[in-house]
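J.: Provide a 3D model corresponding to the input given below.
(4 chains)
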There are 2 protein chains.
Amino acid sequence: MTAATKSSGRALPHPEFGEIRLEAVLHALSDPMRLRIVRELALCERELACSYFELPVTKSTTTHHFRVLRESGVIRQCYRGTAKMSGLRRDDLDALFPGLLDGVLRAAARQAERLDGA
Amino acid sequence: MTAATKSSGRALPHPEFGEIRLEAVLHALSDPMRLRIVRELALCERELACSYFELPVTKSTTTHHFRVLRESGVIRQCYRGTAKMSGLRRDDLDALFPGLLDGVLRAAARQAERLDGA
DNA sequence: CCCATTGTACGAGAACCCTCGTAGTTTGAC
DNA sequence: GTCAAACTACGAGGGTTCTCGTACAATGGG
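T.: The predicted structure is shown next:
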């Protein structure tokens, strides 16, 4: 079994490039938990396992948020062993909506500074 | 009665500058009808009456969307005669989240071009 | 083969959101 | 004062979302 088939045991539907909708992206980013996930992904600049995130919700809920992010086109996911890796779809988002993701990330950082204390 | 008191017959609560939350702004912008309103407001660069917008929903629904925009801090509203005028809170938004609004507007324009035909 | 790890599926409850219709309020014009 | 215009308030219906708990599936290690 090749590495490719090995990682495709479970299906992970993603929207294609042209199917990504701004409204869906904004909605995905408008949830505090998901915005937090996206910020951590942007900070690390690499794919992270779901278990990396220590969110104050159960695992089922975490799964739900990752699915919303994936189905809106914000992140890309794949299985690697028992872990599910997630990474930002920076390339696609930047091509579709230049500056949008960075604008949101800067805004989020700024707000965090302002609220959580600089 | 002065002009100021004349226009303050009805209450229009706005969040203060420091109360505006990124999540609320993103959520407000994630609805197609509201994004459309915001785009028109940005195009005209001045305050517009609700009746200016010809949205494919009833007036009650329109009122609802304008309230969501106002309560999230995206627009500012005031009464002028029987009309309710709405304008973008560009100054506050740009100060809080530099580049965010422009990023969203550019993304929306781009998507409209892509979908509705250039 | 068995097991621990990691994440999924399903269902359910509570909350929220978008939409509408109807009835009402405020304002300015006559 | 009366009337039309513009918008609001309220309530309701239908859909979606967020959250959870429990039970289940896939993978890799010993």
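
J.: what's near enough to touch the nearest residue to A:Val104 once chain neighbours are set aside?
T.: Excluding its sequence neighbours, the residue lying closest to A:Val104 (Cβ to Cβ, 6 or more residues apart in numbering or on different chains) is A:Leu29, at 5.7 Å. For every residue, glycine as well, the C-beta is placed using N, CA and C. Going by Cβ atoms under 8 Å, 6 or more residues apart in numbering or on different chains, A:Leu29 touches A:35, A:38, A:74, A:104, B:26.

J.: the third one: neighbouring residues, count only.
T.: So the one you mean is A:Val74. Residues lying near A:Val74 (other Cβ atoms under 10 Å in any protein chain shown) number 26.

J.: check the first one too.
T.: Close neighbours of A:Leu35, defined as other Cβ under 10 Å, add up to 22.

J.: wait, is it part of a helix?
T.: Yes. Under DSSP: H, G, I helix; E, B strand; the rest coil, A:Leu35 sits within a helix.

J.: what's the longest helix along chain A packed up against?
T.: Counting residues, the longest helix in chain A under DSSP state H turns out to be helix A:100-116. Counting contacts by 3 or more Cβ pairs under 8 Å, 6 or more residues apart in numbering or on different chains; DSSP states H and E, helix A:100-116 is packed against helix A:22-29, helix A:32-44, helix A:90-96, helix B:22-29, helix B:90-96, helix B:100-116.

J.: identify the residues contacting the third one?
T.: Just to be clear, that refers to helix A:90-96. So helix A:90-96 is in contact with A:17, A:20, A:25, A:73-74, A:100-101, B:107, B:110-111, going by Cβ under 8 Å, 6+ apart.

J.: buried sites along it?
T.: Buried residues in helix A:90-96, counted by 16 or more other Cβ atoms under 10 Å in any protein chain shown: A:90, A:92-93, A:96.

J.: in ChimeraX, how would I select just the buried ones from the contacts of helix A:90-96?
T.: In ChimeraX, this line selects whichever of the contacts of helix A:90-96 come out buried by 16+ other Cβ under 10 Å:
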select /A:20,25,73,74,100,101 /B:107,111
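
J.: OK, contacts around the residue nearest to the spatial centre of chain A?
T.: Centroid-nearest residue in chain A: A:Ile75, 3.7 Å away (criterion: Cα atoms, centre = their mean). By Cβ under 8 Å, 6+ apart, the contact set of A:Ile75 is A:37-38, A:41, A:66, A:69, A:86-89.

J.: local confidence estimate at the residue nearest to A:Gly99 when sequence neighbours are not counted?
T.: Excluding its sequence neighbours, the residue lying closest to A:Gly99 (Cβ to Cβ, 6+ apart) is B:Gly103, at 4.5 Å. pLDDT recorded at B:Gly103 is 97.

J.: same deal with A:Ser7?
T.: Reading off the confidence values, A:Ser7 has pLDDT 43.

J.: contacting residues for A:Arg39?
T.: If you count contacts by Cβ under 8 Å, 6+ apart, A:Arg39 has them with A:105, A:108-109, A:112.

J.: ok, so of those, who is nearest A:Ala49?
T.: For the contacts of A:Arg39, the residue nearest A:Ala49 by Cβ to Cβ is A:Leu105; the value is 21.1 Å.
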